[in-house]
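In: next come a sequence and a model predicted from it.
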Amino acid sequence: MDSVLVLIAAPGSRAIDTAVVEILRDFGGTAPRWLDEAEAAEVAPFARQADFIAALASHPVDTNIILAQGRRKRLLIADMDSTMIQQECIDELGLMAGVGERIKDITIRAMQGELDFEGALKERVGLLQGLDEAIIARILSERITYMPGGYQLIATMKANGAHTALVSGGFTPFTSHVAQHLGFDQHQANTLIIEDGKLAGTVGFPILGQQAKVEALHRICADLSIDRTDTIAVGDGANDVPMLLEAGLGVALHAKPKVQEAAPVRINHGDLTALLFLQGYSRSEFVDRLPAAAY
C-alpha cells in the first residue's frame, strides 16, 4: 500500500459517523481502521477515492492522502502565531500600544501573501516604538492561549524519539516562553530591539522570514542527520508555505486561503493532534505530557 486516506474530524464532534461510513462503502472503500472512534480513521486506497472525497465536502471532516512509507516523522518544525498559540503576538503588542487595528490590518495582509513579509514586519514594529518592555510579560501571562492539541503533539512525538523546533517570524521573548511551556527542544525568532526598558521600534538583523524557516529545517536536519523526508512542518501563513513545501509532510492548519491552495495537506476541522493522526498514531498512543526531566 503506497498511500492511505486519512479522515479527521474535530475532537468531540464524532463527525465520522455511520453516514460517512456508508458513503465510504457506496464508493467501494473498505471498512476504516479507527485511530479514534468516530473522529479519526484511515482507509486503504480504492478506485473511487476521489469521488468519495468530493462527496464528503459538505461534512466537517478533513480528508488527506498520505504516503504510507515513513509516516512517523523524526522532526517537527512548527510556526508559532495562530499555529501553536491562538494569537498573533505582534497584534497583541499593537493593542497595548494603541495601534491595534493598524497593525492587525498589516498582519492579515502579510499572512495572506499580499505584502512583503520583511517590509510588513518593519512597519509594524515601528508602530510599537516607546512601548514599555514589561508589557511583553503581561501579554504572555494574560493574553496568550495555546492551540488545542499542542501538548499532546509535542509530548507524543518526543516520547517516540522525534526532535521539535519552534520556528517563528515573531519575536524571541514569545518563542522562548512558548517553547518552554510546550516542551519544544529549540526555538528561533526575530529580536526586538529594546533601549532603556522600551521598545525602540526596530528589529534585529537579519530579519527571519520565510527563507529562514526553510534554512532552519535544513540546518536541523543536517545537525541531527535526519533526512528531509522525515520531517513534518505546520503553519498557517504565507511565510510558512516554502517550509511546508520543503518538509516531508507539510500541513496547513486552519490556514489562509492562499496557504491552503499551496500546502500538500490541509487541516480545517481537527486540532494539532491531527498531525499525530496523519502520522498514523492512534488516540491510545497519545502522551499528554512528558515528565519535566524530559524537557
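Out: Right, received. Where do you want to start? Numbering: from 1, shown residues only.
In: can you show me the strands along this protein?
Out: In the chain, the segments counted as strands under DSSP state E are 3-9, 33-36, 40-43, 61-67, 75-78, 163-171, 186-190, 192-195, 198-203, 231-235, 249-253, 265-267.
In: in space, what's closest to P206 - neighbours in sequence excluded?
Out: Excluding its sequence neighbours, the residue lying closest to P206 (Cβ to Cβ, 6 or more residues apart in numbering) is A212, at 7.6 Å. Where C-beta positions appear, they are placed from N, C-alpha and C, glycine not excepted.
In: before we move on, back to that, do you know which of the strands of the chain lies nearest A19?
Out: Closest of the strands of the chain to A19 is strand 61-67, at 10.6 Å (criterion: Cβ to Cβ).
In: that closest one pairs with which strands, and in what direction?
Out: Taking DSSP bridges as the criterion, strand 61-67 forms sheet pairs with strand 3-9 (antiparallel).
In: hmm, who's touching the partner strand?
Out: 15-16, 20, 29, 32, 35, 38-45, 49, 52-53, 56, 60-68, 267, 269-270, 274, 277-278, 280 (Cβ atoms under 8 Å, 6 or more residues apart in numbering).
In: now the buried members of the residues you listed.
Out: With neighbours counted by 16 or more other Cβ atoms under 10 Å, the contacts of strand 3-9 contain buried members at 15-16, 20, 29, 32, 35, 38-43, 49, 52-53, 56, 61-64, 66, 267, 269-270, 274, 277-278, 280.
In: surely Q211 meets P242?
Out: Yes. Here Q211 reaches P242: they are 6.9 Å apart, a contact under Cβ atoms under 8 Å.
In: the two: which has the busier surroundings?
Out: Set Q211 next to P242 and count neighbours by other Cβ atoms under 10 Å: P242 wins out with 21 against 13.
In: would you agree the more buried one is in contact with V214?
Out: Yes. With contact defined as Cβ under 8 Å, P242 reaches V214; the gap is 5.0 Å.
In: off-centre distance for stretch 137-149?
Out: Centre-to-centre, stretch 137-149 and its host chain are 16 Å apart (Cα atoms, centre = their mean, to the nearest Å).
In: roughly how far does P148 sit from D51?
Out: From P148 across to D51, the span is 32 Å (Cβ to Cβ, to the nearest Å).
In: same thing with L153?
Out: L153 is 32 Å from D51, by Cβ to Cβ.
In: between those two, who's got more neighbours?
Out: L153 (29 against 14).
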